[in-house]
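In: The sequence and its predicted three-dimensional model are supplied below.
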Amino acid sequence: MKLRTSFLLALALAALAAACGSSRTTFQRYPGAPLTFDRATAPPQAVEVADKAIAAAGGMDNWNKAKQIRWQAQRLADGKVTAQGEAAWDRWNGRVYGKVETPDGSAVSAVSLYGDYAMAYMEAKNGQKEVIDGPEKGKAAITLLLEFQLDMTAMTMPFLLEEPGTKLEYAGTRKDGDKEYHDLKVSFPDADRPHKGLVYHALVDQGSSLIARVEVENPTTGDRVGFELSDWTDAVVLKFPATRKNLGSGELHKSTNIRIGSPDDILYTKPVE
């Protein structure tokens, strides 16, 4: 009886949290974030290129209706699957979720992008769940935030070009063989914790206006990573690059069954112990 009571209490708390979230009229963002992208302070050429890149991927109006993006994820190296699972970004409440399959079941974690909440647990194949706390939970949160900074950001970069708070610059053009690309430099305020201190370059195809490559740099450490974007796939009315190739390691990051909808609160909820 105690277990069932605890379970019902957890469901009630989750419902209450969902109700509180639904009362908010804007997406959860970092403290002090502006309500809209400041087009007036961005270079006109940068805005023109960004507008076309956003339109090619489905448009900002449709992006602003996407409260959550959820997909099946795979990593491949030399044609072999090295990891697979599921990922989600709850844009409305500022949370990300990751699930990685293991030989014994799966490892699950979730973290708040703008708060202190984090949770992690192991789920056995029989459905039994074991909560992870302490340093291991912290490691899982750091790994998930890194995934958001790199792969998830590369996957959704067209729409981040004009997110509230984005600093957008035109860095000229770049040639790669016979193709020439617009180079958009993208950065975010320090208050935007997940992207703090990082500089992104989005290389936009001058013909299709789709982003062909995203480069990420940490100016403090000098670390750099690049992703080649391809296999643009429709998810309802939005398009996402279903394949992102890590240009350093050659590893492929693949997304399938991309769904747009309302937040699945259970994904981000710590299991009842």
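Out: Noted; the coordinates are in hand. Because the structure is a prediction, the values reported are computed rather than measured.
In: Mind listing what's buried along stretch 115-122?
Out: Using 16 or more other C-beta atoms under 10 Å as the test for burial, stretch 115-122 gives 118-122. Every residue, glycine included, has its C-beta placed from N, CA and C.
In: go on, stretch 28-44?
Out: 28-30, 33, 37, 42.
In: Closest to Thr221 out of the buried residues of stretch 115-122?
Out: Closest approach to Thr221 among the buried residues of stretch 115-122 (C-beta to C-beta): Ala118, at 23.5 Å.
In: Need the three-state assignment for the closest residue to that closest one other than its chain neighbours.
Out: Leaving aside its sequence neighbours, Ala118 sits nearest to Ala141 (C-beta to C-beta, 6 or more residues apart in numbering; 4.0 Å). At Ala141 the chain is in helix, as set by DSSP: H, G, I helix; E, B strand; the rest coil.
In: distance of Ala141 from Tyr114?
Out: The gap separating Ala141 from Tyr114 is 13 Å, by C-beta to C-beta, to the nearest Å.
In: Have a look at these two and say which one is more surrounded.
Out: Shown here are Ala141 and Tyr114; by other C-beta atoms under 10 Å, Ala141 has more neighbours (20 against 17).
In: which ones are touching that one?
Out: Counting by C-beta atoms under 8 Å, 6 or more residues apart in numbering, Ala141 makes contact with 109, 111, 118, 120.
In: And for Tyr117?
Out: Tyr117 neighbours (C-beta under 8 Å, 6+ apart): 95, 110-111.
In: need these in JSON lines with secondary structure, distance to Asp133 and neighbour count, can you?
Out: Listed next are the contacts of Tyr117 as JSON lines, based on DSSP: H, G, I helix; E, B strand; the rest coil; distance: C-beta to C-beta, whole Å; neighbours: other C-beta atoms under 10 Å:
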{"residue": "Arg95", "secondary structure": "strand", "distance to Asp133": "19", "neighbour count": "24"}
{"residue": "Ala110", "secondary structure": "strand", "distance to Asp133": "14", "neighbour count": "23"}
{"residue": "Val111", "secondary structure": "strand", "distance to Asp133": "14", "neighbour count": "26"}
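In: Looking at the residues you listed, which is nearest Ile258?
Out: Nearest member of those to Ile258, counting by C-beta to C-beta, is Arg95, at 17.7 Å.
In: one step back: quick one: which of the contacts of Tyr117 is nearest Gly85?
Out: Nearest to Gly85 among these: Ala110, at 12.9 Å, using C-beta to C-beta.
In: I'd say that closest one and Leu267 touch.
Out: Yes. The criterion here is C-beta atoms under 8 Å, and Ala110 meets it with Leu267 at 6.4 Å.
In: Need the overlap of contacts for these two.
Out: Contacts common to Ala110 and Leu267, judged by C-beta under 8 Å, 6+ apart, are Tyr97.
In: Identify the farthest-apart pair in the contacts of Ala141.
Out: Among the contacts of Ala141, Val111 and Ala120 lie farthest apart (C-beta to C-beta), at 8.9 Å.
In: Relative to Asp190, how far out is the residue nearest the centre of the chain?
Out: In the chain, the residue lying closest to the centroid (C-alpha atoms, centre = their mean) is Met152, at 3.3 Å. For Met152, the distance to Asp190 equals 20 Å [C-beta to C-beta].
In: just Pro241 next, same as before
Out: According to C-beta to C-beta, Pro241 stands 28 Å off from Asp190.
In: what sits opposite Asp234 in the beta ladder?
Out: Lys239 (DSSP bridges).
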